[in-house]
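In: Provided below are the primary sequence and the corresponding predicted coordinates.
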Amino acid sequence: MNDGLERNPLVSRRALVAHHADAFAWALSLTAYDAAAAADVMQQSYLVIVDGSARFDARSSLKTWLFGVVRRCAHRSYRRLRRDAAFVGRVAAEPRDDGATADEPRRTDIGAALATLSRRQRDVLELVVFSEFTVEEAAAVLDISIGSARTHYHRAKAALRERLGDDGD
């Protein structure tokens with residue numbers, strides 16, 4: 001069976017299974033015992049192991065390395081949630097001229113602004129912001145040059161700022 005671990009030849013499926021319960025408990029503690037968030041962190045951890053982004057080089061034990069991968073994924077997840085909450089909070093706090101209350105996130109405004117972007121700009125922005133790819137990785141996913149991906153990304157951000165009336169904070 002091809003489980004994708006050929007990119008990490010020092011890591012076996014059996015070893016990951018053996019450490020899963022402990023790693024999940026660690027993920028729980030890192031996510032304030034939110035089982036759904038811990039499961040997401042574990043999934044992200046296994047994804048970076050399988051895709052080779054996290055490479056085990058045997059400088060520590062496999063369990064130590066796995067817990068480090070889980071910690072980094074939990075930290076990335078926390079940063080993403082914090083960033084998303086700050087963005088929604090900033091957008092929701094902006095004055096509304098359509099009669100809606102300031103407590104209501106302007107999801108329709110954000111969705112409408114995203115819909116005005118070109119497909120390529122939207123794809124690059126979504127890969128970088130929501131999927132946490134680097135611009136270079138997004139370029140590889142979309143099979144475009146890195147320069148083109150950077151251009152689309154920066155134009156998309158500028159267009160959203162303009163459409164949402166963001167002052168750049």
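Out: Structure received.

In: With adjacent residues omitted, what lies nearest to Leu62?
Out: With sequence-adjacent residues excluded and distances taken as CB to CB, 6 or more residues apart in numbering, Leu62 is closest to Ala15, at 5.4 Å. For the C-beta atoms, the positions are set from N, CA and C on the backbone; glycine is no exception.

In: Tell me how many other residues crowd the one you found.
Out: Per other CB atoms under 10 Å, the neighbour tally for Ala15 reads 15.

In: element containing it, please.
Out: Secondary-structure assignment from DSSP states H and E places Ala15 in helix 13-30.

In: domains of this protein?
Out: 5-82, 106-164 (automatic domain parsing).

In: Would you mind writing the CA trace of the helix holding Ala15 as PDB?
Out: Written as PDB, here are the backbone C-alpha positions of helix 13-30 (Å, rounded to 0.1, in the frame of the first residue of the first chain):
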ATOM      1  CA  ARG A  13       2.900   4.000   9.200                       C
ATOM      2  CA  ARG A  14       3.200   1.600  12.100                       C
ATOM      3  CA  ALA A  15       5.400   4.000  14.100                       C
ATOM      4  CA  LEU A  16       2.900   6.900  13.500                       C
ATOM      5  CA  VAL A  17       0.000   4.600  14.600                       C
ATOM      6  CA  ALA A  18       1.900   3.600  17.700                       C
ATOM      7  CA  HIS A  19       2.300   7.300  18.800                       C
ATOM      8  CA  HIS A  20      -1.100   8.500  17.600                       C
ATOM      9  CA  ALA A  21      -2.800   8.400  21.000                       C
ATOM     10  CA  ASP A  22      -0.100  10.300  22.700                       C
ATOM     11  CA  ALA A  23       0.200  12.800  19.900                       C
ATOM     12  CA  PHE A  24      -3.600  13.400  19.900                       C
ATOM     13  CA  ALA A  25      -3.400  14.000  23.700                       C
ATOM     14  CA  TRP A  26      -0.700  16.500  23.000                       C
ATOM     15  CA  ALA A  27      -2.800  18.200  20.300                       C
ATOM     16  CA  LEU A  28      -5.700  18.300  22.800                       C
ATOM     17  CA  SER A  29      -3.600  20.100  25.300                       C
ATOM     18  CA  LEU A  30      -2.400  22.600  22.600                       C
END
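
In: Is the residue nearest to Leu62 in contact with Ser61, as I believe?
Out: No. Using CB atoms under 8 Å, Ala15 is not in contact with Ser61; the gap is 10.1 Å.

In: picking that back up, what packs against the helix holding Ala15?
Out: In terms of contacts (3 or more CB pairs under 8 Å, 6 or more residues apart in numbering; DSSP states H and E), helix 13-30 is packed against helix 35-50, helix 62-93.
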